[in-house]
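Undergrad: Pasted the sequence and its predicted model underneath.
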Amino acid sequence: RLSLEQSIGTRAFKYLHPDDAKLATRAFIDLARTPGASVRDLVRVVTDDGEVRDLEIVLTNCLDNHDVAGIILNGRDITEERALAEQLSRQALHDPLTGLANRVLFEDRLEKAHARAVLRGGVGAVFMLDLDDFKGINDVHGHLVGDQLLLAITDRLQQALSPSDTLGRFGGDEFLCLVEDLTSPGEVAAIAKRLLDVFAEPFVVSGVQVEQHVSIGIVVWDGSREDPDEITRDADVALYEAKRQGKGRFAIFTRTMHQEAVSRFALVQDLHVALQCGELSMHYQPIMHLLTNQVVGFEALMRWQHPGRGWVPPSVFIPLAEQSGLILELDAFALREAVGAAASWRPTEPHGVPPFVTVNLSAHQFREPKMVSMIEDVLMTSGLEPRRLVIEITEGVLLRDASEATNVITRLQERGVSFALDDFGTGYSSLSYLAELHPRVIKIDQSFVRPSTPSPRSDALLETIITLGDKLEITMLAEGIETAAQLQRLRLLGCELGQGYFYSPAVSSDQLTALLARTSQEWEHQLISSVTFP
Ligand code: C2E
Ligand code: MG
Ligand code: MG
């Protein structure tokens with residue numbers, strides 16, 4: 001500190017930091033020439049023990065004031081205040097976990113890089129990296145391991161890049177890097193390859209070995225680009241494309257991609273309208289008892305009749321709805337419609353039970369706390385017995401949100417609702433969940449029922465899956481039965497239920513009445529007549 005006693009009688013200039021002395025002297029001389037004037041400035045001073053401190057000073061020229069006849073200097077020590085401000089601005093610009101540039105700083109650097117390219121020419125690139133299925137790591141190993149993994153990745157990425165490149169993290173599992181002054185077109189792919197290679201070897205964090213892959217979206221830009229603030233947006237579009245082509249790869253942004261992104265965006269807008277204007281409807285595909293040829297249930301499948309494009313398949317609009325958050329409303333609609341319809345179905349045989357209805361719910365539903373009460377409401381309003389509602393979930397749901405999903409599923413099971421595991425065999429192995437959750441039905445994916453190249457191996461797989469269901473006392477349902485031969489094989493293997501074009505595609509509610517009226521003899525007749533003899 002500058003102590004009062006020690007400084008009395010000394011010259012203020014003695015304390016000035018040598019680097020600030022010149023400017024401060026100049027300002028002092030200027031001020032001394034203008035009576036009544038005052039200046040405010042920041043200077044560094046050196047204390048007697050050699051410590052450098054920041055001082056905010058106000059100098060007031062009172063030379064023409066009789067009582068003072070001098071220059072008054074007011075100083076305030078702001079060293080701590082400045083340190084705090086610096087720390088705050090660091091925090092405002094950096095990601096707290098990795099210390100990398102955050103979105104604000106990254107976009108500022110990008111804007112400056114673009115401005116340089118406008119002035120001097122040169123080509124730059126932005127690489128947007130998104131860790132594939134990172135949420136699964138957090139769920140399986142916990143957030144601590146997740147954070148350690150992000151740090152390990154940061155480390156490797158920094159080594160793969162040059163110090164002049166900017167590496168940033170946009171929260172979660174998204175990293176960005178900005179590379180300036182590319183020298184050849186081949187360099188972009190070379191850098192992308194280097195970034196992908198960062199993930200080739202597994203990471204070992206907290207004693208756990210984790211495989212982590214990454215998808216990369218790339219935008220190459222130069223000074224001719226008019227909208228630098230849209231570069232990261234385009235990187236996102238390219239990233240979407242990289243993921244769509246299969247994960248663990250990179251894609252470079254093109255104008256066509258932009259067109260596609262725009263048309264996806266338009267389709268999402270249309271989907272909002274579709275919900276409001278009744279363009280969506282539920283169709284129902286019969287689920288058959290394979291030995292008795294009775295309709296035991298129906299799978300509710302959504303259909304969209306677009307006024308301009310005609311029929312849009314769910315494989316197109318369901319993923320869009322999932323990305324845009326619209327899926328919650330879509331699935332609520334499906335539940336209301338399907339459960340409402342099922343409530344009016346009568347048994348197909350005298351003394352039989354009415355068919356059940358299965359409804360597909362997206363993984364997103366299992367993160368919705370209101371989901372349980374929503375299903376309860378729908379059941380109550382319709383009067384459908386809970387056991388006639390089967391909810392279809394895919395294996396992915398279980399992997400991504402294991403604990404949350406288990407919780408929701410158990411609560412619904414307690415209320416009498418059943419579950420079916422959809423597309424079984426295509427996702428991650430979730431055999432451990434099977435024991436824990438005991439779904440009522442396993443739906444064997446079409447790829448086993450209808451293999452693209454049938455072989456003894458694919459046959460053995462089908463048989464093994466059916467045996468597994470037997471052992472666990474879970475009803476097995478084969479999806480996508482298209483031929484009499486496939487049906488025959490499933491009957492022999494003891495698969496209980498099935499659905500497929502061989503019986504019927506999904507039909508509208510109007511056509512459903514006719515299907516329900518059919519007796520099992522009539523179904524069998526259809527089957528026999530469809531068998532062609534060589
Ligand atoms: P999924 O749940 O596995 O549904 C089975 C799909 O296979 C349906 O396609 C069905 O029409 C088709 N299919 C049935 N039998 C055969 C057959 O013998 N051969 C062939 N080639 N295909 C057959 P769809 O209706 O196009 O639905 C596709 C996917 O979209 C569904 O797969 C499901 O994951 C999703 N989806 C459909 N409706 C809804 C819904 O209301 N909500 C949600 N979240 N997803 C839905
Ligand atoms: Mg399904
Ligand atoms: Mg399926």
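TA: Structure's in. What do you need? Ligands and ions are numbered 1, 2, ... in the order given.
Undergrad: counting residues per helix, which one in the chain is longest?
TA: The longest helix of the chain (DSSP state H) is helix 255-277.
Undergrad: Which strands or helices does that helix pack on?
TA: For helix 255-277, the packing partners by 3 or more CB pairs under 8 Å, 6 or more residues apart in numbering; DSSP states H and E come out as helix 231-244, strand 294-306, helix 314-324, helix 327-342. To be clear about C-beta, it is placed using only N, CA and C from the backbone, and glycine gets the same treatment.
Undergrad: Out of these, which is closest to Gln511?
TA: strand 294-306 (11.6 Å; CB to CB).
Undergrad: May I see the buried residues of that closest one?
TA: The neighbour-count check on strand 294-306 (16 or more other CB atoms under 10 Å) flags Gln294, Val295, Val296, Gly297, Phe298, Glu299, Ala300, Leu301, Met302, Arg303, Trp304 as buried.
Undergrad: would you turn those into JSON lines with pLDDT and distance to ligand 3?
TA: Formatted as JSON lines, these follow (pLDDT from 0 to 100; distance: CB to the ion, whole Å):
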{"residue": "Gln294", "pLDDT": "91", "distance to ligand 3": "21"}
{"residue": "Val295", "pLDDT": "93", "distance to ligand 3": "18"}
{"residue": "Val296", "pLDDT": "95", "distance to ligand 3": "17"}
{"residue": "Gly297", "pLDDT": "96", "distance to ligand 3": "14"}
{"residue": "Phe298", "pLDDT": "97", "distance to ligand 3": "14"}
{"residue": "Glu299", "pLDDT": "98", "distance to ligand 3": "8"}
{"residue": "Ala300", "pLDDT": "98", "distance to ligand 3": "13"}
{"residue": "Leu301", "pLDDT": "98", "distance to ligand 3": "10"}
{"residue": "Met302", "pLDDT": "98", "distance to ligand 3": "13"}
{"residue": "Arg303", "pLDDT": "97", "distance to ligand 3": "16"}
{"residue": "Trp304", "pLDDT": "97", "distance to ligand 3": "18"}
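Undergrad: Check those against ligand 2 and report the nearest one.
TA: Glu299 (5.7 Å; CB to the ion).
Undergrad: In contact with that closest one, which residues?
TA: By CB atoms under 8 Å, 6 or more residues apart in numbering, the contact set of Glu299 is Tyr284, Gln285, Ile287, Val357, Thr358, Asn360, Glu392, Gln499, Ala506.
Undergrad: Go again with 10 Å.
TA: By CB atoms under 10 Å, 6 or more residues apart in numbering, the residues touching Glu299 are 282-287, 338, 356-360, 390, 392, 420, 422, 443, 477, 479, 499, 506.
Undergrad: Narrow the residues you listed to those in strands?
TA: Secondary structure assignment by DSSP state E places 282-287, 356-360, 390, 392, 420, 422, 443, 477 of the contacts of Glu299 in strands.
Undergrad: Near ligand 2, list only the ones from these.
TA: Asn360, Glu392, Asp422 (CB under 5 Å from the ion).
Undergrad: Can you name the residues bridging to the first one?
TA: Taking DSSP bridges, one finds Glu392 as the beta-bridge partners of Asn360.
Undergrad: now the last one
TA: With beta bridges defined as DSSP bridges, Asp422 has these partners: Thr394.
Undergrad: That one contacts Ala363, correct?
TA: No. Checked against CB atoms under 10 Å, the pair Asp422 and Ala363 is beyond contact range at 11.0 Å.
Undergrad: Look at the two and report which has more neighbours.
TA: Shown here are Asp422 and Ala363; by other CB atoms under 10 Å, Asp422 has more neighbours (26 against 18).
Undergrad: Now do the contacts for the more buried one.
TA: Neighbouring residues of Asp422 by CB under 10 Å, 6+ apart: 299, 358, 360-361, 391-397, 439, 441-445, 477, 479.
Undergrad: And the helices in the stretch 351-500 of the chain?
TA: Using DSSP state H, counting those that start in this stretch, the helices found in the stretch 351-500 of the chain span residues 371-382, 395-400, 402-414, 431-437, 446-449, 456-472, 484-493.
Undergrad: which of those sits most buried?
TA: helix 395-400 (a mean of 22; mean count of other CB atoms under 10 Å).
Undergrad: Check the average confidence over it, would you?
TA: Helix 395-400 shows a mean pLDDT of 62.
Undergrad: from the contacts of Glu299, which are also near ligand 3?
TA: With CB under 5 Å from the ion as the criterion, the subset of these in contact with ligand 3 comprises Asp422, Glu479.
Undergrad: can you list the weak-confidence ranges in the stretch 1-150 of the chain?
TA: For the stretch 1-150 of the chain, the stretches flagged by pLDDT under 70 are 1-6.
Undergrad: how deep is the residue in it that ligand 3 sits nearest to tucked in, by neighbour count?
TA: Taking CB to the ion, ligand 3 has its nearest neighbour within the stretch 1-150 of the chain at Asp133, 20.6 Å off. Using other CB under 10 Å, Asp133 has 15 neighbouring residues.
Undergrad: and what of Thr98?
TA: 20.
Undergrad: And for Arg518?
TA: A total of 17 residues lie near Arg518 under the criterion other CB under 10 Å.
Undergrad: If we only consider the ones next to ligand 2 among the ones in strands among the contacts of Glu299, which is nearest to ligand 3?
TA: Checking these one by one against ligand 3 (CB to the ion), the nearest turns out to be Asp422, at 4.4 Å.
Undergrad: Report pLDDT for that closest one.
TA: For Asp422, pLDDT reads 91.
Undergrad: And Val441, by the same measure?
TA: pLDDT at Val441 comes out at 95.
Undergrad: what's near enough to touch it?
TA: Residues near Val441 by CB under 10 Å, 6+ apart: 287, 297, 356, 358, 390, 392, 418-422, 424, 469, 474-477, 496-497.
Undergrad: just Glu174 next, same as before
TA: Taking CB under 10 Å, 6+ apart, we find Glu174 in contact with Arg103, Met128, Leu129, Asp130, Leu131, Phe134, Gly168, Ala235, Asp236, Leu239.
Undergrad: Throw those residues into a markdown table and include distance to Leu150, thanks.
TA: Converted to a markdown table, the contacts of Glu174 look like this (distance: CB to CB, whole Å):
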| residue | distance to Leu150 |
| --- | --- |
| Arg103 | 16 |
| Met128 | 16 |
| Leu129 | 12 |
| Asp130 | 13 |
| Leu131 | 8 |
| Phe134 | 9 |
| Gly168 | 13 |
| Ala235 | 19 |
| Asp236 | 20 |
| Leu239 | 18 |
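Undergrad: So which of the residues you listed are in strands?
TA: Per DSSP E, the contacts of Glu174 map to strands at Met128, Leu129, Asp130, Leu131, Gly168.
Undergrad: Closest one of the residues you listed to Val39?
TA: Closest to Val39, out of all of the ones in strands among the contacts of Glu174 and judged by CB to CB, is Gly168, at 39.8 Å.
Undergrad: For the closest one, list the residues it contacts.
TA: 93-95, 98, 100-107, 109-110, 126, 128, 174-178, 232.
Undergrad: same thing but 6 Å
TA: For Gly168, the contact set (CB atoms under 6 Å, 6 or more residues apart in numbering) comprises Leu100, Ala101, Phe106, Leu176.
Undergrad: and what of Ala160?
TA: Neighbour list for Ala160: Arg194, Val198 [criterion: CB under 6 Å, 6+ apart].
Undergrad: Next one: it relative to ligand 2, how far apart?
TA: Look at Ala160 and ligand 2: by CB to the ion, to the nearest Å, they are 42 Å apart.
Undergrad: cool, Val204 as well?
TA: From Val204 to ligand 2 the distance is 39 Å (CB to the ion).
Undergrad: what do you get for Leu361?
TA: From Leu361 to ligand 2 the distance is 10 Å (CB to the ion).
Undergrad: wait, that residue sits on Asp331?
TA: Yes. Using CB atoms under 6 Å, Leu361 is in contact with Asp331, at 5.3 Å.
Undergrad: if we can go back for a sec, which one of the contacts of Glu174 is nearest to Arg255?
TA: Closest to Arg255, out of all of the contacts of Glu174 and judged by CB to CB, is Ala235, at 14.5 Å.
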